[in-house]
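>>> The following comprises the amino acid sequence and a computationally predicted model.
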Amino acid sequence: MIGNSSAIHSGLWGFIIGGGGIGIGGLAAYFLLYLHRVILPLLIISAVGMIFTLVLFEIVPESIQLGGIFLTFIGITTGYILAKQIDRLFHRIIIITNDPRKDIYIRSGIVLTFAIALHNFPSGIALGSSLEGITLGIPFVLSRISPWDCV
């Protein structure tokens, strides 16, 4: 249990600010819907460019420095295979509505929800153990329990 109410307060503020940012982005997208043919590709290209730059110039060099080229290659290959398997799995989900476009949106929403949950899970474990302090962090590391076994 978290004994520090300021940690709960900070977590709630983070949730409100993060949710607010997503809400503002959603509202902006809704009101700019008529410009979607011009703006959406530009936003997607910009986001892909930023992510590609981050991976290429920050994450991969640090991975090579910390684990070597072989482990970096194994990590990238494993991530690629996992992403392809998840994509294959989600194409098996059958969604029946009256509009095929709604099916695509529902499928995209499910995939996005799963991706966000998968992305945030390790961060949640790290943040939760850091909020409790060293009394939880050290035993957690020393026990060598997989984070997936804690769920």
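Right, received. Where do you want to start? Numbering: from 1, shown residues only.

>>> Could I get the average pLDDT for stretch 113-131?
Averaging pLDDT along stretch 113-131 gives 75.

>>> Stretch 90-105 too?
Across stretch 90-105, the average pLDDT comes to 76.

>>> Do me a favour and get the end-to-end distance for it?
One end of stretch 90-105 to the other measures 13 Å (Cα to Cα, to the nearest Å).

>>> Please spell out the segments of the chain that come in under the pLDDT threshold.
1-5, 34-36, 126, 128-137, 140, 145-151 (pLDDT under 70).

>>> Backbone dihedrals for Arg92, please?
In terms of degrees, to the nearest 10, the main-chain angles of Arg92 are phi -90, psi -10.

>>> where's Ile8, which helix or strand?
Using DSSP states H and E, Ile8 sits within helix 5-31.

>>> distance between that helix and the chain's centre?
What separates the centre of helix 5-31 from the centre of its chain is 16 Å, taken as Cα atoms, centre = their mean, to the nearest Å.

>>> Can you mark which positions in that helix are buried?
Under the neighbour-count criterion of 16 or more other Cβ atoms under 10 Å, helix 5-31 has Ala7 buried. Backbone N, C-alpha and C define where each C-beta goes, glycine included.

>>> Beyond it, next helix or strand please.
helix 36-54.

>>> Measure how that next one sits relative to helix 5-31, angle-wise.
Computed by axes from the mean of the first three to the mean of the last three Cα atoms, to 10 degrees, the angle separating helix 36-54 from helix 5-31 equals 140 degrees.

>>> Show me which residues of helix 36-54 are buried.
So for helix 36-54, nothing qualifies as buried (16+ other Cβ under 10 Å).

>>> How about residues contacting it?
Ala29, Leu32 (Cβ atoms under 8 Å, 6 or more residues apart in numbering).

>>> what's the spacing between it and its chain's center?
On the basis of Cα atoms, centre = their mean, helix 36-54 sits 17 Å off its chain's mean C-alpha point.

>>> which secondary structure elements does the next helix or strand after it contact?
Downstream of helix 36-54, the first helix or strand assigned by DSSP H and E is helix 60-90. Packing partners of helix 60-90 (3 or more Cβ pairs under 8 Å, 6 or more residues apart in numbering; DSSP states H and E): helix 100-132.
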